[in-house]
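Undergrad: pasted the sequence and its predicted model underneath.
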Amino acid sequence: MKLNQLSDNQGAAKGRKRLGRGAGSGLGKTAGRGHKGQKSRSGVAIKGFEGGQMPLYRRLPKRGFVNVFGKHHVEVNLGRLQQAIDAGRLDAKKPIDAKALQAAGLFKKLRDGVRLLANGELKAKVNITVAGASKAAVAAVEKAGGSVTIAAPKPAAGAAAKAKEPQAKEEGGAGAEA
C-alpha cells in the first residue's frame, strides 16, 4: 500500500450542502427554508420563543435574591497558609498580602480580596494583610504571635471620581438673596 492509495471509508466524508444551485439540486429557490416568515431570513434568534404562548422562563416562579453589589472574596484557610510556609512558597518573616498569597499558589484569581478563615492550625508567626478575616482566624494568628491587618476596601470607580472633584464653594452671586 502506498500513500496515494489511502482513502477514507465510503460515506465517511459527507459533502456540504450547496444551497441555491437550481431546482434540480433540490436546494434551489428557497434553499430548504420553506416560504417567507422570520425563519426564512438570515439573522434569526428566537430562543425561548414559544409561538406566543407564555415561555417557560416566564411561567416558572422566581425564588431568592441575587446581590449584584456583593463582594466575592477568595477564602484562604490557616491550614493552607501553614502548608505554603512549610513548603517554602511563603516567607513568614516578610509581610504577607494578597499578591504574595497568589504568587504562592493559594488561589488563581484574586476577585475582590482575600478572606482569612480559621480552618487548620497556624504555627508560624506571620504579619498578614487581608480584605477580611473571621474572629477565630484573627485569634489564631495572634495566638501564634503574628498580626492581622484588615485592608480598607477600595471605593467604587464612581465614588473615587467624586472624591477627587473639588467642592464648589457657594458664594453670594447675582441670584443670592439679600
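TA: Looks like it arrived, so ask away. Every value quoted in this text rests on a predicted model; they were computed, and no experiment measured them.

Undergrad: so what's the one residue sitting closest to the centre of the chain closest to, chain neighbours aside?
TA: For the chain, the residue nearest the mean C-alpha position is R111 (7.7 Å; CA atoms, centre = their mean). Sequence neighbours aside, H72 is the residue nearest to R111 in space, at 4.7 Å (criterion: CB to CB, 6 or more residues apart in numbering). To be clear about C-beta, it is placed using only N, CA and C from the backbone, and glycine gets the same treatment.

Undergrad: look at the one you found and say how many residues are nearby.
TA: 9 (other CB atoms under 10 Å).

Undergrad: gap between it and A31?
TA: 48 Å (CB to CB, to the nearest Å).

Undergrad: quick one, strands of the protein?
TA: Taking DSSP state E as the criterion, the chain contains strands spanning 74-77, 114-117, 127-130, 132-133, 147-150.

Undergrad: by contact count, what packs against the third one?
TA: Counting contacts by 3 or more CB pairs under 8 Å, 6 or more residues apart in numbering; DSSP states H and E, the secondary-structure elements packed against strand 127-130 are strand 114-117, strand 147-150.

Undergrad: so how far is the first one from its chain's centroid?
TA: In other words, strand 114-117. When C-alpha coordinates are averaged (CA atoms, centre = their mean, to the nearest Å), strand 114-117 and its chain have centres 19 Å apart.

Undergrad: any regions of the chain where pLDDT drops low?
TA: 153-178 (pLDDT under 70).

Undergrad: helices of this protein, start to end?
TA: Counting by DSSP state H, the chain has these helices, from start to end: 56-59, 78-86, 98-103, 135-143, 157-164.

Undergrad: okay, the angle between the second one and helix 135-143?
TA: Looking back up the chat, that one is helix 78-86. Going by axes from the mean of the first three to the mean of the last three CA atoms, to 10 degrees, helix 78-86 is angled at 30 degrees with respect to helix 135-143.

Undergrad: can you give the contact residues for helix 78-86?
TA: 90-92, 96, 101, 104-106, 116-124, 126, 128, 137, 140-141 (CB atoms under 8 Å, 6 or more residues apart in numbering).

Undergrad: list only buried entries from those residues.
TA: 90, 92, 96, 101, 104, 106, 116-118, 122, 124, 126, 128, 137, 140-141 (16 or more other CB atoms under 10 Å).

Undergrad: brilliant, that's me finished.
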